[in-house]
Every structure is written in structure tokens, then in C-alpha cells.
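just the structure for this:
(chains A and B)
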Amino acid sequence: MAITVLQMSKHRAAWRDTHWRSIILQALVLLALAVLAAWMIGNVTTALSHRHVASGFAFLDHTAGFGIAQTLIDYTEESSYGRAMWVGLANTVLVSVISIVLSTVIGFIVGIGRLSSNWLVAKLCTAYVELLRNMPLLLQLLFWYFGVLAALPGPRESLTLGSGIALNNRGLFIPLLVQQSGSWLVWLGIFAGIAIAWGLYRWAGKRQHDTGHRPTVWWAMLLAIFALPAAVLYATGVPFTVSWPELTGFNYSGGLQVIPELAGLTLALSIYTAAYIAEIVRAGLLSVARGQHEAAQALGLRHTHSLRLVLVPQALRVIIPPLASEYLSLTKNSSLAIVIGYPDLVSVFAGTVLNQTGQAIEILSMVMAIYLTLSLIVSLLMNLYNRAHAGQDAR
Amino acid sequence: MNLRTLVLGLAAVLMLGGTATAGTLDAVKKQGFIRCGVSDGQPGFSNPDAKGNWTGIDVDYCRAVATAIFNDPNKVRFVPVSFAERFTALQANQFEILSHNTTWTMDRDVAQGLEFIGVDFYDGQGFMVRKTLGVKSALQLDGATLCTQTGTTSELNAADFFRAHKLKYKILVYQKASEYIAAYDAGRCDAATTDRSGLAGDRLKLKDPNGSIILPDTISKEPLGPAVRQGDQQWGDLCRWVLFAMVNAEELGVSSKNVDAQLGSTSPEIRRLLGKEGAFGTKLGLTDDWAYRIIKKVGNYGEIFDRSVGMKTPLKMQRGLNALWNKGGIMYAPPIR
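Numbering: from 1, shown residues only, chains lettered A, B, ... in the order given. Now for the predicted structure:
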């Protein structure tokens, strides 16, 4: 009896202790989640075998058998479903990266433009934002895609620029540099040249800081950037050939083809997201106290210097975190690709592969995990940038 | 949408274990109607008309099942699903029958938990091109760009055909029929490809239907038919024999117009079909006049074909392979006895 009371009081003491209580509660929640997950996985596995539905990931090695319109990595009909997934993923990453860059450029221009003292510029930028962020992205996507298609002629009436560039409703065709053996030396030369130029620039800055005198290095930088790769190019005997687009049969072949689906999706995503980025940029610039600008002027800083050294760094602290969310939305919005036939991850893997194999649970889990990973990578990069340039702890 | 696929997938995850696979007929009787998964608009197969009534071969099949069970062709709730999400939706018990111009393939039958109950339309994949292209055969399509719709067997068939004939091609895959046909209409591709029955309907949606032709080549076998979930033998049998009854009725010359007169027939085959001899309906869990009611209220296979896709409809399809086995086609049903 006494022992029981003692144990109870001890137990009670632990329960009353906030530290122990929170550990116990967290352990219980974790346990409940684990039990739920185990129950769901068990339930699915039994149910699938009960219903004679195949499960597991063996299908990833099976032959895909279907074609894909745009492949950034080697892929044929004999490749595996797993390979098809990578093709789709590469296409998703391609359209996301191009659109992120483009939307940022447009967004900054429009955002700054909205604050312009020029009445027309300010009103045009306001109209841009209000018009484009208030219409569904899906409609804009269909508009741009079918708009682009309608404006372009057929392959035999292509718009051409010289003999190397052609534009028609099958895409933009431009000459393509084909790498021959030894081309990596040229790339190495280019990167080495840029690295040397950067080193020279830093060295000049350091000299200026230490001695007050800045040595003239621009000619040495130009030499490093252009002469070095040119010398390597000459020494290796120009390890490149050019593939020219040519009209054969139904369409152009050879060269590099930019398909209208990529163009349409990029346009829609960039133009739509830029409207939101413009507002973020405007908010960021307005968040910097007026006194900061005046103080910079009082110190005798030129307008460009006061922008670069005083205003923008402070605005970036406000701009970067919401900008990261916009990049995440853009990446996820790229899954609308299937509507216009752009072969992204969802279209290829969660569309065609899912239909051919019927393994919805495995494929959808993989697609969700991939989007999660992509989003976490974008977040990580933005946080690193934030920490380095906006002088603020990333959260 | 893919979100819907996802939701259905999750629904399947959560519900698969819970719902029993057997006893579909009892569940349906209790529910008072059947739920039938159909396409979201395929002329001739499942398509809502101007008044919102569903029409077509796939639709009429489900009406026949409803008539067999409830003696009322309207005791059906039609659930439109996309090509891509139809199997998941059937597994997640969104409907009891999938009647969605679905090709019977080995993988679907064996590894995707479906049970095909027969073939109600023998189809094959074809190509549609603009007349101005001057192409007379699919073999002339070297280097062509194709448009098709996701979620079908079309991508694989096209790939097989072009690989087998060592021809180059590019294929663009759209989510919906409306978009793939709009892209073809905008000149994005040289040819549209899907089942010939689908092309016949899609051609009518073009700005200039007469400017395009369907090439004579058929590059695949596409036996289309209804499917149910695996595991409920009674429900599978019922659905299978509803289809057979309609084909047998046509073969025996029993139609919705003469079925009452045929009740007096002395032919033992007709007497068994109409429930005058034997107790075949009872064995299915129905009443013995089950086939009589189907024929009376929905019609035999030939009547359904003619009013859905036949020569008097805008689709103007010949019976072809779908003619009865004794009339030059391969439509054939096991006997009722």
C-alpha cells in the first residue's frame, strides 16, 4: 500500500514536471503517428494483394515503350520507366529554372516601375499587376499556348532568319553546337579564364583597399576571358561541329528545337508569377524608412551608391522570404504542363507511366517525394542566399 | 486533374481494406441504383446530349444492367471520369461498373485488379490527318508529329508502330480530348491518333471536319468493354450475361419492337432467352424475365449500335468487325442454356 502511494506520488511528480510532461506527450504523439502509418501501410499492402493489384517498385526497371517529345537526357522507347521519370523530372526542372529567372527579371522591373515618378510607367505597371494576378493561371496558360500556336505559320511557311534559324508552329529551330571529343578542354579553358579574371578583380580591389591605388586590370581580365579559351580552341583543333536545322519532310530536323509547349508554359508561369514578385519588390522598397535614403544623401553618396549600399540590402531582407514562396509556387504550378502536352514529371510519370502500370500509390508517393525534395532545395538555396546577402537569419 | 487522381488514390488507400469485395449485387439493391463510370464526353459511347441525357453504347450497357436489376433503365447514376483516373476510381468504389471504352489488355486484367466482362466494341487505333497533307497511308508519316490523349493505350501503340516500321515521330500527350484536338486543329501536329471510334467523334469537333480524313490503317487491336472489380464472381457473372443477352437477342432476331410478339415463339433458344424455359435469371440473382426486360427497355446489341454510332448517326460507322459472327463480323456470345 505504502509502496503504491509512493509510486503514485513519484509518477505524479513526473507528470507535474513540465519538462517530463512534454517529453511524455511528444513520445505518445510520435507513437500514435507510427502506429497510424504502420496500419495504413499494412492495410494498403493486404488490400492490394486481396484485389490482385500489383505493388512494389519493380516496375521502375521495366521497359517504358512510349516516346517523349522533349528529352534532355538520353531516352528511347526501350528505356525503363525509371529513366522516363528522370526525363520528366529534367523537363520540370528546366521549365522551372527558366521561369524563375524570367519572372524575377520581369517582377523587379515591374515592381520598381510601379514606384516610378513617371505617371505612364507607374500606371502601366499597376495595370500589369492587377490584370495578371487576378486571372487563373490555367486560363493564361491555355491563352499563351493556343495564342502562340495560332500566331505561328506551318513548317512549310516558316519564318526564317538567314538559313540557320526557323520559327513555325512546331517550335523555334536554331543551330546546335555538337561537341566532339576533347571539347571538355575548351569548357575548362572558359571556366579557367573566368576564374582568373575574377581573381584579378579581387586582387585589384584588395590593392585599392590597402594602398588607395587601383591597378588597371581590365585588359588582363579580357585576355583571360577571351584569349585563353580561344587559344585552347585553336590548340585542340576546334572540337565542335554545328548541326543546322533543315526542312525535311513534315518538319525541320537537326539543330536545336525549342517546342511551343515549353515556350507557352514558360511564358505563362513567368508572366503570372512576375505579377506577384512585382508586389513583393514594391513592398520591400517601401519598407525601407525614408530617412535611410536621406541619410545616404547627407553622407554624400551618389544615387546609385545609395541604392546599392543602403536601400536594396535593407529591402532584400523583406523581399527574399516571400520571394522564396513564389519560387516554390512556380515550381509546383509547372505541373499544369499536362494540359498543353509539355512532358513534365507529372505528365510523363504520374500520367503515362501510371496509366500503363496502374501502380498509383507507388507513383504518386514518388512524385510527392520529388516535389517535396525540389521545394526543399529551392528553400535551402534561398535561405543560404538570405543569410549571405540579406544579413538575416534564415527561418 | 491529377489532384483528383491523388484524392482517389488516397481514398483507395483508406477504403480498400474496409469495403468487402463480395456482395456488390446486394449493396446495389440496397442502394437502389447502380453507379457507372463513363468517359467525360465521347460521342457514340458516353456523351450527354443537349438535354443532359447520357447516350451511347457504354451508357446503354449500364442502362441494361440497371434494367436487369431494377426493371428501370434510369436507375443509373453516371460518374464521368478521365481516362487516367478511371481504374483508381473503380478500385476506390466510386462506381460498380466501369463502362468507359476501355481496351481489354493483359496487364489491366491481370495486374490492375480489373475483371473485363466482355467486348462491346471491337476497335483499333488509327490516324487522322489533314487532306492537304496528301498522305494516303500511315506508312507515309515518317518524321511526323502526333497528338494524342493521356491515359490510353494510344501512346504505346503509336510507339510500337513507328518503331516496327523504323519511322521517326514525335508525340505530344495532352490531358483532355478537347485539348489534343484543339492542338491538332491549330496545326501543332501532323496527325491525331487514338482509337478509330474516338477519331470519328473527335473529327466532328474540328473547325472543318471535312478537311481531315481518317487513314485506312489500323495499327492495333482495341477490344473495348466494360470492367468490374476482381473478386466478386456473382457481380461479374451478372454483368457478363447482360452483355451476352443483348448480343444473343440480336442473333435470334429479338428486338425491342418485336419482343412482346416473340414471347409466343416456339424456338427453344428464344424461350430460354426470354425466361419462358429454365431459371437462368434466378441463377444470376434476378427474375427469369431479366433478358426480356433488357430487350424491351434498352434493345438488342444491333439496335444500340445503330442508334449510337451507326450509319444514321453523325459518326457514320460501319458494323465491320462488330457485325455478328454469322454476318461477317466477330461479335459472338456464348449461348444461354
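
which parts of the chain are strands?
Looking at chain A here, since you left the chain open. Counting by DSSP state E, chain A has strands at residues A:159-161, A:165-168, A:171-174, A:176-179, A:240-243, A:246-248, A:251-253, A:256-258.

try chain B instead
Going by DSSP E, chain B shows strands at B:34-38, B:47-48, B:54-55, B:76-80, B:97-103, B:114-116, B:121-123, B:125-130, B:144-149, B:169-174, B:191-195, B:212-214, B:222-229.

packing partners for the second one?
Helices and strands touching strand B:47-48, by 3 or more Cβ pairs under 8 Å, 6 or more residues apart in numbering or on different chains; DSSP states H and E, are strand B:54-55. In short, each C-beta sits where N, CA and C put it, glycine included.

could you list the residues in contact with the strand it packs on?
B:Val38, B:Ser46, B:Asn47, B:Pro48, B:Asp49, B:Phe78, B:Ser308 (Cβ atoms under 8 Å, 6 or more residues apart in numbering or on different chains).

mind picking the two most distant members of those residues?
Within these, two members stand farthest from each other by Cβ to Cβ: B:Phe78 and B:Ser308, at 14.9 Å.

which one of the two has more residues nearby?
More neighbours surround B:Ser308 than the other of B:Phe78 and B:Ser308, with 23 against 20 (other Cβ atoms under 10 Å in any protein chain shown).

let's see the pLDDT reported for that one.
pLDDT recorded at B:Ser308 is 94.

could you report the neighbour count for residue 238?
Picking chain A for this. So A:Val238, with other Cβ under 10 Å, has 12 neighbours.

actually, chain B is the one I wanted.
The tally of other residues near B:Leu238 (other Cβ under 10 Å) stands at 24.

may I see the domains of the chain written out as residue ranges?
Let's take chain A. Following automatic domain parsing, one finds the domains of chain A at A:2-50, A:82-137+A:261-389.

should've been chain B
Split by automatic domain parsing, chain B gives B:2-122+B:223-327, B:126-220.

out of those domains, which gets nearest to A:Asp74?
Here domain B:126-220 is closest among the domains of chain B (Cβ to Cβ), at 16.2 Å.

and that closest one, anywhere near chain A?
Yes: residues of domain B:126-220 contacting chain A under Cβ under 8 Å from any Cβ of the partner chain: B:141-145, B:147, B:150-152, B:155-156, B:158-160, B:162-163, B:168-176, B:179-180, B:182-183, B:186-188, B:190.

list just the nearest of the contacts of strand B:54-55 to chain A.
B:Val38 (17.6 Å; Cβ to the nearest Cβ).

beta partners of the nearest residue to the closest one once chain neighbours are set aside?
Nearest residue to B:Val38 in three dimensions, chain neighbours excluded: B:Ser46, at 3.6 Å (Cβ to Cβ, 6 or more residues apart in numbering or on different chains). On the basis of DSSP bridges, B:Ser46 is bridged to B:Gln42.

ok, B:Ser46 - how many residues close by?
With other Cβ under 10 Å as criterion, B:Ser46 counts 27.

wait, isn't it in contact with B:Gly56?
Yes: using Cβ atoms under 8 Å, B:Ser46 is in contact with B:Gly56, at 4.7 Å.

overlap of the contact sets of the two?
Counting by Cβ under 8 Å, 6+ apart, the residues touching both B:Ser46 and B:Gly56 are B:Val38.

now for the residue lying closest to B:Gln175 once chain neighbours are set aside: which residues touch it?
Excluding the flanking residues, the one nearest B:Gln175 by Cβ to Cβ, 6+ apart is A:Ile338, at 4.5 Å. By Cβ under 8 Å, 6+ apart, the contact set of A:Ile338 is A:Asp344, A:Val346, A:Ser347, A:Gly351, B:Asn2, B:Thr150, B:Val173, B:Tyr174, B:Gln175.

find me the pLDDT at A:Ile338, would you?
Model confidence at A:Ile338 (pLDDT) stands at 90.

what's across from the residue lying closest to A:Arg170 once chain neighbours are set aside in the sheet?
Counting by Cβ to Cβ, 6+ apart, A:Asn251 is the residue found nearest to A:Arg170 once chain neighbours are left out, at 5.2 Å. For A:Asn251, the beta-bridge partners are A:Thr248 (DSSP bridges).

pull the number of nearby residues for A:Asn251.
Residues near A:Asn251, counting by other Cβ under 10 Å: 25.

do I have it right that it meets B:Gly143?
Yes: using Cβ under 8 Å, A:Asn251 is in contact with B:Gly143, at 6.2 Å.

list the buried ones in stretch B:40-52?
B:Asp40, B:Gly41, B:Gln42, B:Pro43, B:Gly44, B:Phe45, B:Ser46, B:Asn47, B:Pro48 (16 or more other Cβ atoms under 10 Å in any protein chain shown).

what count of nearby residues applies to the closest residue to chain B within chain A?
Nearest residue of chain A to chain B: A:Ala47, at 3.2 Å (Cβ to the nearest Cβ). A:Ala47 is flanked by 22 other residues according to other Cβ under 10 Å.

over to A:Leu228?
A:Leu228 has 18 nearby residues by other Cβ under 10 Å.

swap in B:Phe127?
26.

may I have the beta-bridge partners of it?
With DSSP bridges as the rule, B:Phe127 is bridged to B:Thr193.

closest to A:Ala227 out of the domains of chain A?
Short answer: domain A:82-137+A:261-389, nearest of the domains of chain A by Cβ to Cβ, at 29.4 Å.

TSV for the domains of chain A, including distance to B:Phe121?
TSV is the format used below for the domains of chain A (distance: least, Cβ to Cβ, whole Å):
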stretch	distance to B:Phe121
domain A:2-50	30
domain A:82-137+A:261-389	20
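
among those domains, which is nearest A:Ser243?
The nearest among these, by Cβ to Cβ, is domain A:82-137+A:261-389 at 19.0 Å.

returning to what we had before: and the furthest pair within the buried residues of stretch B:40-52?
B:Asp40 and B:Gly44 (14.3 Å).

is it true that A:Gly65 touches B:Leu156?
Yes: A:Gly65 lies in contact with B:Leu156 (Cβ under 8 Å); the separation is 5.2 Å.

mutual contacts of these two, please.
With Cβ under 8 Å, 6+ apart, A:Gly65 and B:Leu156 have common neighbours A:Gln356.
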